[in-house]
Each structure stands twice: as C-alpha cells, then as structure tokens.
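Asks: please find the sequence and the predicted model below.
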Amino acid sequence: MQVKAKTLADVERALKKYEQVVEEAPLAPSSKRTYTLHAQHFVRWLRADFEPGAGQGQSRE
C-alpha cells in the first residue's frame, strides 16, 4: 500500500504510543504480544514490508 511519507511518519508515532498504552494495560503478556504484533504488521503493510499470509505456505496470486 502506498501512503505519503508524512502520513506514515504519523502512523509510526501513533504505533509507538499504542505500544506504550498496551504495555501499561492490565493484560496477559501473550495478549500484549498479540495486540502489538498485529498493529506492527499493519504498519509494515503500509510500508509495503509485509504481506498477510506470506510465509504461511499460501500462494499469493
């Protein structure tokens, strides 16, 4: 996905804040990992650095 550099920078700053909020939340460690990992995947997808399903043995056609 293509997004403007400024927009991506704003999203990356928001991700860092989100990660802090999740870390401070009363959640199980595995839940915290899940919350942050999925958010990180979304930001990587915006950067064209992540493709859902890639590496999972699924063909991307």
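Replies: All right, it came through fine.

Asks: any idea how far the spatially most central residue of the chain lies from Lys6?
Replies: With distances taken as Cα atoms, centre = their mean, Gln40 lies nearest the centre of the chain, 1.7 Å away. Distance of Gln40 to Lys6, given as Cβ to Cβ, to the nearest Å: 20 Å. Heads up, the C-betas are built off the backbone N, CA and C, glycines and all.

Asks: over to Thr36?
Replies: 24 Å.

Asks: can you map out the helices along this protein?
Replies: Under the criterion DSSP state H, helices of the chain are mapped to 5-24, 29-46.

Asks: now do the contacts for the residue nearest to the centre of the chain.
Replies: Leu15 (Cβ atoms under 8 Å, 6 or more residues apart in numbering).

Asks: show the average pLDDT along stretch 36-54.
Replies: For stretch 36-54, the mean pLDDT works out to 92.

Asks: please apply the same query to stretch 15-24.
Replies: Mean predicted lDDT for stretch 15-24 stands at 98.

Asks: give me the contact list for it.
Replies: Under Cβ under 8 Å, 6+ apart, the answer for stretch 15-24 is 32, 35-36, 39-40, 43.

Asks: phi and psi next, for Leu27.
Replies: Dihedral pair for Leu27: phi -120, psi 160, per degrees, to the nearest 10.
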